[in-house]
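S.K.: Return a 3D structure for these sequence lines:
(2 chains)
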2 protein chains.
Amino acid sequence: MKFIHTADWHLGKLVHGIYMTEDQRYFLDQFVQLVEEEKPDAVVIAGDLYDRSVPPTDAVELLNEILFKINVELKTPIVAIGGNHDSAERLSFGSSWYRKSQFYLSGKLEIDIHPVQINGVNFYLVPYAEPSMVRQLFGDDTIHTHQDAMKSVIGKIEDSLNPNEPNVFVGHAFVLGGKTSESERTLSVGGSGCVGTELFEPFSYTALGHLHSPDAIKHEKVRYSGSLLKYSFSEAKQEKSVSIIEIDEKGQLDIRSRSLTPKKNMREIEGYLDEVLDPGFYEKQNLDDYLKIILHDEGALIDPINKLRQIYPNILHLERKIENIDKKKKQFFTSVKEEKKSEIELFKQFYQEMTTSEFTDEKIAVMTDVIKNVLKEEAMK
Amino acid sequence: MKFIHTADWHLGKLVHGIYMTEDQRYFLDQFVQLVEEEKPDAVVIAGDLYDRSVPPTDAVELLNEILFKINVELKTPIVAIGGNHDSAERLSFGSSWYRKSQFYLSGKLEIDIHPVQINGVNFYLVPYAEPSMVRQLFGDDTIHTHQDAMKSVIGKIEDSLNPNEPNVFVGHAFVLGGKTSESERTLSVGGSGCVGTELFEPFSYTALGHLHSPDAIKHEKVRYSGSLLKYSFSEAKQEKSVSIIEIDEKGQLDIRSRSLTPKKNMREIEGYLDEVLDPGFYEKQNLDDYLKIILHDEGALIDPINKLRQIYPNILHLERKIENIDKKKKQFFTSVKEEKKSEIELFKQFYQEMTTSEFTDEKIAVMTDVIKNVLKEEAMK
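M.R.: Numbers count the residues shown, from 1 in each chain, chains lettered A, B, ... in the order given. You can find the predicted model right below:
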């Protein structure tokens, strides 16, 4: 039995003020293509289909269209759960109808989780839920952390789980820990938001959503697929992919991943402004990418963002190398402290640190006037 | 062929700060009961299922539950469209899946409207659309009013309509006019928001939503079902119902209506405070109703709303008979103008008009002090 594991589509996401819907559409069209090629027995989406409880309408239309293509046109069963970004109730609307087309959508955690059976594999759908909600659902006041909550949910599932069949857990949680030693495990389950991998032991495979990197945990059978796209510059260096899982009747796994090409990559460029604006540099680049540019230049630059935007239209973030500015500032303020200088001398020094132009006599005259007036006003208060 | 015509459920509506969801649930449970008794071939809901584009989650859950009961449990086909209060895109999500269960939901107007065929009757689903949206959809710059837009939509439908079959139009619009003369028709289609009944001539029956009274237009085959509940005090005197339509293969109609009992009625009470608080009066009333109370008392009343709320817990609105207050005010301000009185005399007069208590010597002393201080401050400015 073969299924594709994906998660964290975050449809409707805004990144640095830009709606990613068109990029998401481009990516999802490739995903549909991949489903067509792989012909899996199911597509598993482990939460955060939307980026927020009330997504923009074009995100709603996109999700509808993509799921319809996969489920109805390609006749591929879909197993999907709500994540912490989805609204449990809104996502759940209509799910009773979808089941008839083998589109199994669980938006809201229920106390009795009946597995969805597809080609001999049992899928247990556990949408994201706050510990307080699980506490109420189970009527168990001892549930406080996500670890407690997940333990109760899995404990309940185990009551009726047949360990001789292949069982897949589909969840959306902050799972930490690995295949390693006891000490490491303890360490990584410190925070109350985290859930330990050991809880998922009863399952042949655990398809997770929430963390955006496919390498978030190293475990042979408890895995994140990673997000659909890069959604922040902290993810710039991650390789995004979907996982193709083959599972036999004994629960043995064969896992590989396939990456998709984003319309516009999200990446960082670092260097001096002149370098970055040099055709010899930028002609080798995909100029449409979403960029964070870190400039090494010291001193003032005249309107660097607009100069950069003429070459790189999708620059999302511009940063100056902090160490340099800090060093300069430190030098400046240290010198202020050390020597007693006149206001105009201080300003001249400041001007020279912060710009590359000359502090001409004309400028000195203007500033002298300004300083005189300020001092006069101060004296009159 | 028999169908039930209803509209304007407005799930998630707030009336005077109170969510009506529980009242709507009570009503809809009766509606499900009625569907079970009548065993219609279809239930038609002519728009405004929700009260707003992003309804509260309990309204989403209620709609899901009720439609599931009707469509899946009672195996009754549903024909529903979006109204001006619904979000076209949000409501449309999943509609391709619903069709498989004969739940036909059209949230967003499409240029080609293929009729839904149920037991020999063709239903044309025309969700609410702004004229500008229809103008764009049809690429026709001459469309400016709702009348223009509806004419285009119906003209397009007529291209493929078979007049020898029973055809039902399902729409959400502000339709005015009647079965009468040319002059009246012209009159009633004055505003650009209105649509004339004559446009619906090609159809055997037109099931409308938008206006909340079933008597909004008097026409034998173009009809509003009226809203589910009373949603404002202006509807207090309306009798709410759903329409049961029987239509034969020639398009001949048999129409009757069935009313449902609200959990709490919405109505007005008028009288003097003492009367309204008299057990002889209120013991005959359903005290849980949503009430607007109009008091006839003149002069000030001490905390009337709390006194009333002890008897009538769901009082939503308290009003004083305007004419009386106006008369009083007029008397007061006229007298001010006519005679030149001292400040304390004016205040005494005002106090006596507005309260029923005595303006004692002690009170006079306090007010004299206040007035003195105010005058002193004024003089110092």
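S.K.: show me where pLDDT drops low in the stretch 101-250 of chain A?
M.R.: For the stretch 101-250 of chain A, applying pLDDT under 70 flags the ranges A:177-192.
S.K.: now the helices: where do they sit in it?
M.R.: Using DSSP state H, counting those that start in this stretch, the helices of the stretch 101-250 of chain A run over A:131-138, A:146-158, A:182-188.
S.K.: between those, which one is nearest to chain B?
M.R.: helix A:131-138 (13.2 Å; CB to the nearest CB). Quick note: C-beta positions are derived from backbone N, CA and C, even for glycine.
S.K.: Tell me, how many residues neighbour residue A:287?
M.R.: 13 (other CB atoms under 10 Å in any protein chain shown).
S.K.: make that residue A:42, sorry
M.R.: For residue A:42, using other CB under 10 Å, the count is 23.
S.K.: do residue A:81 as well
M.R.: 31.
S.K.: Point out the most buried one among the helices of the stretch 101-250 of chain A.
M.R.: The highest average neighbour count among the helices of the stretch 101-250 of chain A, using mean count of other CB atoms under 10 Å in any protein chain shown, belongs to helix A:146-158 at a mean of 19.
S.K.: To residue B:292, which of the helices of the stretch 101-250 of chain A lies closest?
M.R.: If you check each of the helices of the stretch 101-250 of chain A against residue B:292 by CB to CB, helix A:131-138 wins as the nearest, at 38.0 Å.
S.K.: For residue A:314, which non-adjacent residue is spatially closest?
M.R.: Among residues not flanking residue A:314 along the chain, residue A:290 sits closest, at 5.0 Å (CB to CB, 6 or more residues apart in numbering or on different chains).
S.K.: where does that neighbour land on pLDDT?
M.R.: The score at residue A:290 is 89. That number is its pLDDT.
S.K.: how near is it to residue A:245?
M.R.: Residue A:290 sits 30 Å away from residue A:245, going by CB to CB, to the nearest Å.
S.K.: ok, residue A:40 - contacts?
M.R.: Neighbouring residues of residue A:40 by CB atoms under 8 Å, 6 or more residues apart in numbering or on different chains: A:2, A:3, A:4, A:76, A:244.
S.K.: Can you get me a residue count around the last one?
M.R.: The burial metric for residue A:244, expressed as a neighbour count using other CB under 10 Å, is 18.
S.K.: Report the outermost residue of chain A with respect to its centre.
M.R.: Ranking residues of chain A by C-alpha distance from their mean position (CA atoms, centre = their mean) puts residue A:380 at the top, at 56.3 Å.
S.K.: Farthest-apart pair in the contacts of residue A:40, please.
M.R.: Using CB to CB, those span at most 13.2 Å, a distance reached by A:76 and A:244.
S.K.: neighbours of the residue nearest to residue A:314, just the number please.
M.R.: Other residues near residue A:290 come to 24 when the count uses other CB under 10 Å.
S.K.: And the pLDDT for the residue farthest from the centre of chain A?
M.R.: Confidence at residue A:380, expressed as pLDDT, is 73.
S.K.: can you give me phi and psi for residue A:82?
M.R.: Residue A:82 has phi and psi values of phi -80, psi 140 when expressed as degrees, to the nearest 10.
S.K.: In this structure it contacts residue A:89, no?
M.R.: No. Using CB atoms under 8 Å, residue A:82 is not in contact with residue A:89; the gap is 9.3 Å.
S.K.: and the helix of greatest length in chain A, what does it pack onto?
M.R.: If you go by DSSP state H, chain A has its longest helix at helix A:361-380. Where contact means 3 or more CB pairs under 8 Å, 6 or more residues apart in numbering or on different chains; DSSP states H and E, helix A:361-380 is packed against helix A:343-354.
S.K.: circling back: now could you export just the CA positions of the longest helix of chain A as PDB?
M.R.: C-alpha atoms of helix A:361-380 as PDB (Å, rounded to 0.1, in the frame of the first residue of the first chain):
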ATOM      1  CA  ASP A 361      31.400  74.400   5.200                       C
ATOM      2  CA  GLU A 362      27.900  75.100   3.900                       C
ATOM      3  CA  LYS A 363      26.600  72.100   5.900                       C
ATOM      4  CA  ILE A 364      28.500  73.200   8.900                       C
ATOM      5  CA  ALA A 365      26.900  76.700   8.700                       C
ATOM      6  CA  VAL A 366      23.400  75.200   8.500                       C
ATOM      7  CA  MET A 367      24.000  72.800  11.400                       C
ATOM      8  CA  THR A 368      25.600  75.600  13.500                       C
ATOM      9  CA  ASP A 369      22.400  77.600  13.100                       C
ATOM     10  CA  VAL A 370      20.200  74.700  14.000                       C
ATOM     11  CA  ILE A 371      22.300  73.900  17.100                       C
ATOM     12  CA  LYS A 372      22.300  77.600  18.200                       C
ATOM     13  CA  ASN A 373      18.500  77.700  18.000                       C
ATOM     14  CA  VAL A 374      18.000  74.500  19.900                       C
ATOM     15  CA  LEU A 375      20.300  75.700  22.700                       C
ATOM     16  CA  LYS A 376      18.500  79.000  22.800                       C
ATOM     17  CA  GLU A 377      15.100  77.300  23.200                       C
ATOM     18  CA  GLU A 378      16.400  75.000  25.800                       C
ATOM     19  CA  ALA A 379      17.700  78.000  27.800                       C
ATOM     20  CA  MET A 380      14.300  79.700  27.700                       C
END
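S.K.: Residue A:62 and chain B, how far apart?
M.R.: 10 Å (CB to the nearest CB, to the nearest Å).
S.K.: As PDB, could you dump the C-alpha coordinates of the helix or strand hosting that residue?
M.R.: Element membership of residue A:62, judged by DSSP states H and E, is helix A:57-68. Presented in PDB, the C-alpha positions along helix A:57-68 are these (Å, rounded to 0.1, in the frame of the first residue of the first chain):
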ATOM      1  CA  THR A  57     -11.600  33.300  -0.200                       C
ATOM      2  CA  ASP A  58      -9.100  32.600  -2.900                       C
ATOM      3  CA  ALA A  59      -7.400  30.100  -0.500                       C
ATOM      4  CA  VAL A  60     -10.800  28.500   0.100                       C
ATOM      5  CA  GLU A  61     -11.300  28.200  -3.700                       C
ATOM      6  CA  LEU A  62      -7.700  26.800  -4.200                       C
ATOM      7  CA  LEU A  63      -8.100  24.100  -1.600                       C
ATOM      8  CA  ASN A  64     -11.500  23.100  -3.000                       C
ATOM      9  CA  GLU A  65     -10.100  22.800  -6.500                       C
ATOM     10  CA  ILE A  66      -6.900  20.900  -5.600                       C
ATOM     11  CA  LEU A  67      -8.700  18.400  -3.300                       C
ATOM     12  CA  PHE A  68     -11.400  17.900  -6.000                       C
END
